[in-house]
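1. Could you look at this predicted model? Sequence included:
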Amino acid sequence: QTMGITPLQRYGAEIGIPAGGLLTFEINGLPNITPITMPNSTIQSQTQSFASNPLVIVMIVVGLSLIMISAFFLWREYQHNKMGENRQDRLITQLLKQIADLDIQYEAGDIAHDIYQAKRAKLKKQVTQLMQTTGYKKTENI
């Protein structure tokens with residue numbers, strides 16, 4: 001009998017051993033191994049057909065392109081978020097500087113109390129809104 005291209009040998013016997021009994025056997029001799037060889041031309045032709053198959057090449061190019069496009073968009077989103085944070089940080093710093101300049105003008109007597117309070121409240125509100133959107137912790141001493 002053969003399995004594929006490998007020949008198999010079968011052995012059989014009439015054994016009168018009761019259920020649960022002990023079965024022993026001994027095998028003598030060496031196995032007869034026939035090496036299986038494939039022609040190199042078959043392997044080479046399969047490799048060449050894989051490399052020359054346009055569908056495989058197109059799929060590899062499309063896959064690499066998708067990876068590169070995804071990486072670009074992720075990088076761009078990261079840069080955009082980073083620039084947005086820097087822009088908001090600069091705006092908060094500018095508003096705090098305006099509050100400090102307003103305090104200096106008020107202490108020097110260059111601005112009336114009502115105008116000072118109104119401008120300061122407006123600037124504080126802007127700073128507080130920006131800090132809340134950027135995740136700064138609430139500060140009481142502005």
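-> Everything's here; your move. Quantities reported herein were computed from a predicted structural model and do not represent experimental measurements.

2. use CA for all of it now, contacts and neighbours both
-> Noted.

3. Give me the packing partners of whichever strand or helix holds Asp103, helices and strands only.
-> Using DSSP states H and E, Asp103 sits in helix 54-107. Here helix 54-107 touches helix 113-134, going by 3 or more CA pairs under 8 Å, 6 or more residues apart in numbering; DSSP states H and E.

4. and the angle from the helix it packs on to helix 54-107?
-> 160 degrees (axes from the mean of the first three to the mean of the last three CA atoms, to 10 degrees).

5. Tell me the gap between helix 113-134 and the middle of its chain.
-> With CA atoms, centre = their mean, to the nearest Å as the basis, helix 113-134 stands 41 Å off its chain's centre.

6. buried ones in it?
-> Neighbour counts over helix 113-134 (16 or more other CA atoms under 10 Å) mark Tyr116, Arg120, Leu123, Lys124, Gln126, Val127, Thr128, Leu130, Met131 as buried.
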